[in-house]
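Chemist: based on what follows, work out the 3D shape:
(chains A and B)
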Number of protein chains: 2
Amino acid sequence: MIDWQQTLGTTTRGLRRSAVREILKAAVQPEMISFAGGLPAPECFPEELIRTASAGLLDGDQARRTLQYGESEGVAALRAHLGESVSVPTERVLITSGAQQGLDLLGRVLLDRGESILVENPTYLGALGAWRPLGVRFVPIPMDGNGLCTDALGEILTRERPKFLYTMPNFQNPGGSVLALERREALVTLAERHGFLIVEDDPYGDLRYDGEALPSLLSLAQAQGIGDHVVHLRSFSKVVAPGLRVGWMTGPPPLLNAVLTLKQATDFHPSTLGQRIILEVIQDPRYPAHLHHLRETYGARRDAMDAAMHEAFPEGTTWTRPQGGMFLMARLPNGMDATACFETALQEKVAYVTVDHFTIDDSGKDTIRLNFTNASPEKIREGIARLGRLFSSQ
Amino acid sequence: MIDWQQTLGTTTRGLRRSAVREILKAAVQPEMISFAGGLPAPECFPEELIRTASAGLLDGDQARRTLQYGESEGVAALRAHLGESVSVPTERVLITSGAQQGLDLLGRVLLDRGESILVENPTYLGALGAWRPLGVRFVPIPMDGNGLCTDALGEILTRERPKFLYTMPNFQNPGGSVLALERREALVTLAERHGFLIVEDDPYGDLRYDGEALPSLLSLAQAQGIGDHVVHLRSFSKVVAPGLRVGWMTGPPPLLNAVLTLKQATDFHPSTLGQRIILEVIQDPRYPAHLHHLRETYGARRDAMDAAMHEAFPEGTTWTRPQGGMFLMARLPNGMDATACFETALQEKVAYVTVDHFTIDDSGKDTIRLNFTNASPEKIREGIARLGRLFSSQ
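Modeler: Numbering: from 1, shown residues only, chains lettered A, B, ... in the order given. Have a look, this model is predicted:
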């Protein structure tokens, strides 16, 4: 017999099964209206574009290139195209198996046990999940409606020397906030002054429904000649299709070089078929219309959710109306415990996720994250009505 | 400025750029005949099967399932099919982004710094590359024409307590040897007696050109009621297409559970499109004919290389005639240094890889690994003639 207690390594003891992925499994029952996951709307996938692309890539000589081993960096033409979009050369773009792999690889090349990193609180639980097994200490930065509080950050930096700061400046997960322009500028200045890296995770930037886009942290740093302070992560999971597993990153060469070497040892390279489909789709003349349709659809769903919550949620509930992305966050009144209501919600065939999964200190049991992209406006109204009844009866 | 020396973590210091992948890049020049890589023959990809599969999977309702987020375990129907083939339930099968990802995840859940693992010497450099950054000690097991020497292993086990033993029992990379049946039995007995795990990596098992297949270490262990001592890794990169990045593993539940949790945090799941294409292809009635054609083609190429070496290589060269797989290994006479000849070989437009990249002690500079699957018999004869002239002139 193998003694598993003895056999599994230290890393394993830091692992936690992803709460959201487990909730997603519970939430696939028929009739369930799930606001729990972060799923795009399958009826909005650019199926026709993907079908056309795939057929061409699997034809004749193309097929041989599409199906053979590829370079660990990713498909060169895709890297060149993406590099141009953020004013960096092809050599500074690395394709990853979704942006999640970028987070994993970054943590592994940068972090040693006991080191500290700065994270928004609450923050994306997939980032916590990727870095927690490495035995690092998460230093929380307070958030408000304008993103991470740079004043508080400045104060934290008087006593902490973090390896990096992780932020989602656009439509943050779970809160939906956008980091205000003056805070973006202050953050870049702090990074230069204190010599830390910024990891800018931007999976939702292309999903803006109102207002004007703000410059990325990468572009602000580039303008100040300190582009090397920013690692910039992107994904096609929200704007094309997650099942293809294509994300990308750009960052300073010494770091990208280490990430590439680790990636070679990790899984050689991302699916060539997936990468080449993405390249064809984003160059397809119909792609802008697809993006437009996606924004219209998701914007209407956000509005439907917001309106339904005004109708149904108990007085004293507060929530954000995000300008984009996939989520809004609602805080229930009187410190109501949303984790305690979760089982009843599932019985009522509606699912959400509580924000304690996204916080460093497990706070946020009175706060829920609601996804508005994966259900129709009708389903959203029905699901929010069910939640409203549940929370009003507590 | 960021001080990269200070910023990159301990793991990074253990990273080495994969020699073979760098050689592959050098070897893509026109007119180069490369025996260096481990590439399948692109003209043998089952293009028509893949095209049919892909078109169906991207059509209508199918498309929405193919393009959405999937389960971290992999596509359930594929797992069930693969589990059946090795007599394990679906729950014990995990799909990975190529078998390489299985090696990476296994190392990360099992290994702590300073621990030792047993490896064949020489062994697959991708395994060394995956585990070296974890700071483990590789304990070499001597090899001969019948695979790893179990007598020597028994002796090593009197003084070492390894976390696991890594072996490729079928057509080993780089040597091409097959682990003899009595040694397979002895190895399983040793694993039980000494309480260590066997990691059985079998990417080439379906590529047998002569002789009878031997039972896997997994099946031998299962027959003795100690199946939990074996982790079994497989790949579709050699029999279908590497660009799809689909491999799989089965192993004992406590270990698989840890691997799954880590995989969630690493990249969520492998490409759903790739997984579903593989499932369609291996269930296609034309698949057995594809495998037959692949074996015929590769067997003829192995024979062409063997015959050409008899003609062209200097007297005193010794090599194996493997019963399957993708490689043979040749030892040059009089301690000739094949690493020193490599640049000249590239000038002569022929590439190989030296075995020192595959050894623990960097020995094997007089030994080369030659891939016979990626070039036509004509190219093989020409390339071997070039190498023969080069080595004969030393």
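
Chemist: now A:Pro142: which helix or strand?
Modeler: strand A:137-144 (DSSP states H and E).

Chemist: for that strand, give me every contacting residue.
Modeler: The contact list for strand A:137-144 (Cβ atoms under 8 Å, 6 or more residues apart in numbering or on different chains) reads A:114-122, A:128, A:131-132, A:148-149, A:152-153, A:156, A:160, A:162, A:165, A:172, A:175, A:177, A:359-361. Placement of C-beta: from N, CA and C, glycine included.

Chemist: buried stuff in that strand?
Modeler: Buried residues in strand A:137-144, counted by 16 or more other Cβ atoms under 10 Å in any protein chain shown: A:138-141, A:143.

Chemist: in helices, which of the contacts of strand A:137-144 appear?
Modeler: A:128, A:131, A:152-153, A:156 (DSSP state H).

Chemist: the host helix or strand of A:Ile380 near chain B at all?
Modeler: In the assignment (DSSP H and E), A:Ile380 maps to helix A:377-392. No. Helix A:377-392 stays out of contact with chain B when judged by Cβ under 8 Å from any Cβ of the partner chain, the minimum separation being 15.8 Å.

Chemist: show me what that helix is packed up against.
Modeler: When contacts are defined as 3 or more Cβ pairs under 8 Å, 6 or more residues apart in numbering or on different chains; DSSP states H and E, helix A:377-392 sits against strand A:33-34, helix A:287-312, helix A:342-347, strand A:350-351.

Chemist: show me where pLDDT drops low in chain A?
Modeler: Counting by pLDDT under 70, chain A has low-confidence residues at A:19-22, A:24, A:26-28.

Chemist: what's the domain layout of it?
Modeler: A:15-46+A:288-392, A:47-283 (automatic domain parsing).

Chemist: looking at the ones you listed, which is buried most?
Modeler: Comparing these by mean neighbour count (mean count of other Cβ atoms under 10 Å in any protein chain shown), domain A:47-283 comes out on top with a mean of 21.

Chemist: for that one, measure first residue to last.
Modeler: Terminal residues of domain A:47-283 lie 15 Å apart, using Cα to Cα, to the nearest Å.

Chemist: and what of stretch A:332-345?
Modeler: The first and last residues of stretch A:332-345 sit 15 Å apart, counting by Cα to Cα.

Chemist: what does that stretch contact?
Modeler: Counting by Cβ under 8 Å, 6+ apart, A:314-317, A:351-352, A:354, A:356, A:365-368, A:386-387, A:390-391, A:394 sit against stretch A:332-345.

Chemist: about what we covered before: looking at the domains of chain A, which is closest to B:Glu48?
Modeler: domain A:47-283 (9.3 Å; Cβ to Cβ).

Chemist: those strands in the stretch 201-350 of chain A, which residues are they?
Modeler: For the stretch 201-350 of chain A, the strands defined by DSSP state E, counting those that start in this stretch occupy A:230-235, A:247-250, A:318-319, A:327-331, A:350-351.

Chemist: pipe the ones you listed into a markdown table and attach distance to chain B per row.
Modeler: Putting those into a markdown table (distance: least, Cβ to the nearest Cβ, whole Å) gives the following:
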| stretch | distance to chain B |
| --- | --- |
| strand A:230-235 | 11 |
| strand A:247-250 | 9 |
| strand A:318-319 | 25 |
| strand A:327-331 | 15 |
| strand A:350-351 | 15 |
